[in-house]
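Peer 1: model this:
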Amino acid sequence: MKDINKKVLTSRYDYDLDKNIIAKYPMDRRDNSKLLYVDRSNGDLVDYIFSDIVDMLDSSYMIVVNNSKVMKSRVPARRVTGGKTEIFITDILNDNEAYALLKGKFKVDDKVEISVGDLSSSDLQSDDFAVVKSSLGEGRHHLEFSNTVSSIMDKYGKMPLPPYIDRDVDISDDNRYQTVYSKHLGSSAAPTAGLHFTSDLIDRLLCKGIVVEEITLNVGIGTFRDIKSEYIDDHVMHRESYSISVESANRINAHKRTGGKVLAVGTTVVRTLESSCDDNGELIPRDSSSDIFIKEGYQFKIVDAMITNFHLPKSTLLALVSAFGGYNNIMKGYKYAMNNGYRFFSYGDAMLIYSSDL
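Peer 2: Numbering: from 1, shown residues only. Predicted structure coming up:
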């Protein structure tokens with residue numbers, strides 16, 4: 001048994017990544033992705049297609065999803081002097097103000113112009129702009145916009161595909177980098193485990209008596225960052241806002257009290273549920289934020305099963321999945337997936353992790 005008091009090297013969560021297995025585009029049909037079943041009780045691995053979950057689950061499971069909607073947060077911009085930059089909106093504060101990352105150095109009261117198309121074409125320039133209200137460190141700034149933040153993103157923004165996808169944003173990403181149940185605008189990245197669901201698949205689950213419950217966690221930019229510290233315990237987690245309604249908490253608690261199981265769709269749902277329940281596994285409704293860092297040794301209080309995509313080496317997400325599925329089981333699964341044609345990361349394939357002995 002692992003000594004949870006011993007400091008764990010971050011390299012424990014490293015693996016050799018072949019960049020050719022990174023999915024640059026989604027499957028033509030969302031639920032046609034591969035699904036690797038990992039039995040957390042014995043490490044067995046079985047290949048499925050994502051749509052097979054209808055047959056794999058029964059009504060003892062409640063599926064909990066994250067209904068956060070991804071912001072079109074990458075806004076092309078230019079300095080007043082003409083240099084190209086980018087505004088990456090991370091948090092909407094009110095109608096006209098937001099926190100954002102800016103490429104390059106900026107001072108308080110600097111004006112940043114929103115740009116359209118070729119910077120050398122004067123007829124393609126916008127009248128919209130932002131003013132730096134304060135600097136927050138690490139390239140993050142408080143900005144005030146000439147128009148509403150939502151209208152700026154709708155008019156000029158692009159979907160924030162993660163850097164490893166390494167291509168220009170396509171118009172199809174406006175739809176495919178959102179879950180079909182997304183509602184509440186606020187995320188800087190998609191809760192990618194949910195990208196595999198179609199409306200038809202959800203209807204089939206509901207017809208089988210499987211309840212689909214919604215919570216919200218706004219995914220932050222920290223989800224892209226790997227762990228830089230030598231030891232995993234020295235990593236400082238980013239904070240993300242979440243919301244669990246009274247109605248959702250009551251339904252989830254009632255399901256658990258009657259012996260039902262909770263299937264979390266994605267690490268964001270796992271973090272939300274585990275952040276907002278007491279030691280007895282009772283879910284507490286609230287609007288709050290979490291910087292919970294789930295790693296080996298953590299005792300899960302409410303989540304019984306999870307769906308997740310394949311994650312970056314040395315990431316907090318891989319640490320969470322290893323804590324839930326068992327380190328050896330997950331690393332065995334990753335090795336199997338890499339050798340058997342699975343596609344990795346945001347637009348890639350998925351894993352379903354639960355115990356056959358539940």
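Peer 1: where do the strands sit along the stretch 101-250 of the chain?
Peer 2: 111-114, 129-137, 140-145, 184-187, 211-217, 240-244 (DSSP state E, counting those that start in this stretch).
Peer 1: what packs against the fourth one?
Peer 2: Spelled out, that is strand 184-187. Applying 3 or more C-beta pairs under 8 Å, 6 or more residues apart in numbering; DSSP states H and E, one finds that strand 184-187 makes contact with strand 68-70, strand 84-92. For the C-beta atoms, the positions are set from N, CA and C on the backbone; glycine is no exception.
Peer 1: looking at those, which one has the lowest mean pLDDT?
Peer 2: The stretch with the lowest mean pLDDT among the helices and strands packed on strand 184-187 is strand 84-92, at a mean of 94.
Peer 1: closest to residue 140 out of the helices and strands packed on strand 184-187?
Peer 2: Taking C-beta to C-beta, strand 84-92 is the member of the helices and strands packed on strand 184-187 nearest to residue 140, at 7.1 Å.
Peer 1: what residues of stretch 170-189 count as buried?
Peer 2: Buried positions in stretch 170-189, judged by neighbour count with 16 or more other C-beta atoms under 10 Å: 173, 176-182, 185-189.
Peer 1: low-scoring pLDDT stretches of the protein, where are they?
Peer 2: Within the chain, the segments meeting pLDDT under 70 span 1-5, 117-125, 224, 358.
Peer 1: one more time with 50
Peer 2: Judged by pLDDT under 50, the chain has its weakly predicted residues at 1-2, 4, 118-123.
Peer 1: I figured residue 286 hits residue 276, correct?
Peer 2: Yes - in terms of C-beta atoms under 8 Å, residue 286 counts as a neighbour of residue 276; the distance is 6.1 Å.
Peer 1: now the common contact residues for those two.
Peer 2: Contact criterion C-beta atoms under 8 Å, 6 or more residues apart in numbering; residues shared by residue 286 and residue 276: residue 244.
Peer 1: who has more neighbours out of those two?
Peer 2: The residue with more neighbours, out of residue 286 and residue 276, is residue 276; 21 against 13, by other C-beta atoms under 10 Å.
Peer 1: what's near enough to touch the more buried one?
Peer 2: Per C-beta under 8 Å, 6+ apart, neighbours of residue 276: 242, 244, 249, 283-286, 288, 290.
Peer 1: what do you get if the cut-off is 7 Å, keeping everything else the same?
Peer 2: Neighbour list for residue 276: 244, 283-284, 286, 288 [criterion: C-beta atoms under 7 Å, 6 or more residues apart in numbering].
Peer 1: what do you get for residue 182?
Peer 2: Contact partners of residue 182, counting by C-beta under 7 Å, 6+ apart, are 67-69.
Peer 1: what about those, which one has the most neighbours?
Peer 2: Counting by other C-beta under 10 Å, top hit in the contacts of residue 182: residue 68 with 32 neighbours.
Peer 1: walking through the stretch 151-300 of the chain, point out its helices one by one.
Peer 2: Assigned by DSSP state H, counting those that start in this stretch, the helices in the stretch 151-300 of the chain fall at 173-176, 199-207, 246-257, 267-275.
Peer 1: between these, which gets nearest to residue 218?
Peer 2: Residue 218 sits nearest to helix 267-275 of all the helices of the stretch 151-300 of the chain, at 8.9 Å, using C-beta to C-beta.
Peer 1: now distance to residue 327 too, for the strands of the stretch 101-250 of the chain, in TSV please.
Peer 2: Shown next, in TSV, are the strands of the stretch 101-250 of the chain (distance: least, C-beta to C-beta, whole Å):
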stretch	distance to residue 327
strand 111-114	45
strand 129-137	34
strand 140-145	34
strand 184-187	28
strand 211-217	25
strand 240-244	24
